[in-house]
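Asker: Give me the fold of what follows.
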Amino acid sequence: GTYPTSTNIVMTNKDGTTQTFPNVAAGDVFTIHGPFDAETTFSYDGGHCFIHTSCSAPLVTNDQIGPFKMLAGNECNGDPDSVPPAVDQTSCEICSSDNKDKPDSLALQYIPAGVNSQFQDSKKASCRAGTYPTTTRLTMENKNGIRQTFDVTAGDNITIAGPFSAETTFTYDGGDCYIHTSCSVPLVTNDQIGPFKVVAGNECGTVPPAVPPTTEGTCEICSKDNKDKPEFL
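Answerer: As a prediction, the model looks like this:
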């Protein structure tokens with residue numbers, strides 16, 4: 001089915017502790033903490049749904065249950081500290097007309113549901129609201145003419161290396177668009193410019209880990225034959 005591209009997610013564990021994740025966008029990662037009931041219900045904008053968490057049915061990494069892809073739990077793919085952090089909604093100005101410290105690199109998240117930037121209007125960025133390919137090859141060149149290519153799918157993070165021209169153009173399957181990277185208009189973390197959410201640059205934000213390969217294996221977290229219930233998912 002189709003779920004909201006950006007939404008607030010709320011769940012409550014067996015102890016009655018409510019966990020809220022605001023403004024979760026496509027591809028964002030979050031960690032929920034147990035203990036878990038047999039069913040864990042998630043409320044989102046406009047609806048709710050549940051997944052089974054008693055282990056009478058398997059919980060397996062890389063299985064997707066509705067909008068939720070299982071990444072880690074128990075000894076599968078590490079512990080909570082190794083899972084990418086919950087969504088950081090704090091904005092931080094990387095550079096602007098009053099702060100001309102141009103970044104050496106930018107970390108961006110690819111989100112096919114494009115939106116208009118809060119800081120870069122149509123005169124500064126042609127990457128605008130609209131639908132972009134779910135999976136595509138992105139190509140860009142920096143100011144030195146060095147071409148960088150990324151095979152991405154929805155939610156993937158990339159890091160592009162400068163130095164940057166005034167405009168950085170991205171070519172994708174079926175089109176191209178640019179964002180402004182001269183700092184005459186702000187670059188701000190958590191601002192989304194078309195399909196590109198600004199994640200980190202200069203002293204702002206944390207560069208995310210490398211995008212995992214798309215052909216990942218599976219690992220059984222628990223099942224009816226393996227009742228080691230996870231403390232987190």
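
Asker: So in this protein, which strand runs the longest?
Answerer: The residue-count maximum for a strand in the chain (DSSP state E) belongs to strand 105-115.

Asker: so what's Val188 up against?
Answerer: Contacts for Val188 (C-beta atoms under 8 Å, 6 or more residues apart in numbering) come out as 91-94, 118-119, 198. C-beta coordinates here come from the backbone N, C-alpha and C atoms, glycine included.

Asker: got it, and Asn13?
Answerer: Counted by C-beta under 8 Å, 6+ apart, Asn13 has contacts 19, 32-37, 40.

Asker: Now the terminal residues of stretch 33-48, how far apart.
Answerer: Criterion C-alpha to C-alpha, to the nearest Å; first-to-last residue distance in stretch 33-48 is 18 Å.

Asker: what's in contact with that stretch?
Answerer: Contact with stretch 33-48 is made by 3-4, 7-15, 17, 19, 32, 49-54, 56, 68, 80, 229-233, as judged by C-beta under 8 Å, 6+ apart.

Asker: which one among the contacts of Val188 gets closest to Asp63?
Answerer: Val198 (30.9 Å; C-beta to C-beta).

Asker: Correct me if wrong: that closest one contacts Asn190.
Answerer: Yes - using C-beta atoms under 8 Å, Val198 is in contact with Asn190, at 6.7 Å.

Asker: Looking at those two, which is more packed in?
Answerer: Val198 (26 against 19; other C-beta atoms under 10 Å).

Asker: ok, that one to Met70 distance?
Answerer: 28 Å (C-beta to C-beta, to the nearest Å).

Asker: now swap in Tyr132 and tell me
Answerer: According to C-beta to C-beta, Tyr132 stands 26 Å off from Met70.

Asker: for Ile193, helix, strand, or coil?
Answerer: What DSSP: H, G, I helix; E, B strand; the rest coil gives for Ile193 is strand.

Asker: Quick one: residues contacting it.
Answerer: Counting by C-beta under 8 Å, 6+ apart, the residues that Ile193 touches are 117, 120, 125, 127, 179.

Asker: where does the residue lying closest to the third one once chain neighbours are set aside land in three-state SS?
Answerer: It refers to Ala125. Nearest residue to Ala125, sequence neighbours excluded (C-beta to C-beta, 6 or more residues apart in numbering): Ile179, at 4.8 Å. Here Ile179 is recorded as strand under three-state DSSP.
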